[in-house]
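**Student:** Just the structure for this:
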Amino acid sequence: MTLLLQIVLMHVLVLGLGWSVGSDVLVGGYPALLCCAVLAMGIEWMVFVPSAIAKSERFYDLTGGVTYLAVVCFATWMMARHGTLHIKHLVLAGMVAIWALRLSVSYTHLTLPTKRIV
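**Tutor:** Below is the predicted model:
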């Protein structure tokens, strides 16, 4: 299977699952899970394109953390807007945010000086 076909199939699968599974909370008529998937893939593509052009993985770890934080913040905000946010959701969101910050900052700090443009 070619790389392009794999990328297209992956996007169709992720967006299809986001559409079919996440229908509890709607954002502009679309499932919130679909919006989270679009947000995550959008952030990753916005960083991938210039990184691929520059042939660099310099901000790979930091981008992963930013993606997690953005999706968790967006999902928490949407749940709060629709009145479905409970303390367990806040605890989980906080734990994911702490994990994402710790992991992305520590990996970026450790690897940024060594990741050179090839």
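**Student:** and the lengthiest helix in the chain, which residues are buried?
**Tutor:** In the chain, assigned by DSSP state H, the helix with the most residues is helix 87-111. Of the residues in helix 87-111, those buried under the neighbour-count criterion (16 or more other Cβ atoms under 10 Å) are 93, 96, 97, 100, 104, 108. From N, CA and C alone the C-beta is placed, and that goes for glycine too.
**Student:** For that helix, give the mean pLDDT please.
**Tutor:** When pLDDT is averaged along helix 87-111, the result is 89.
**Student:** can you check stretch 66-80 too?
**Tutor:** 93.
**Student:** buried sites along it?
**Tutor:** Neighbour-count burial for stretch 66-80 [16+ other Cβ under 10 Å]: 66, 67, 68, 69, 70, 71, 72, 74, 75, 76, 78, 79.
**Student:** Excluding residues flanking it in the chain, which one is nearest the second one?
**Tutor:** Nearest residue to residue 67, sequence neighbours excluded (Cβ to Cβ, 6 or more residues apart in numbering): residue 43, at 4.8 Å.
**Student:** That neighbour reaches residue 68, doesn't it?
**Tutor:** No. Residue 43 is not in contact with residue 68 according to Cβ atoms under 8 Å; the separation is 9.8 Å.
**Student:** where does residue 84 sit relative to residue 21, distance-wise?
**Tutor:** Distance, residue 84 to residue 21, using Cβ to Cβ, to the nearest Å: 16 Å.
**Student:** Thank you kindly, that will do.
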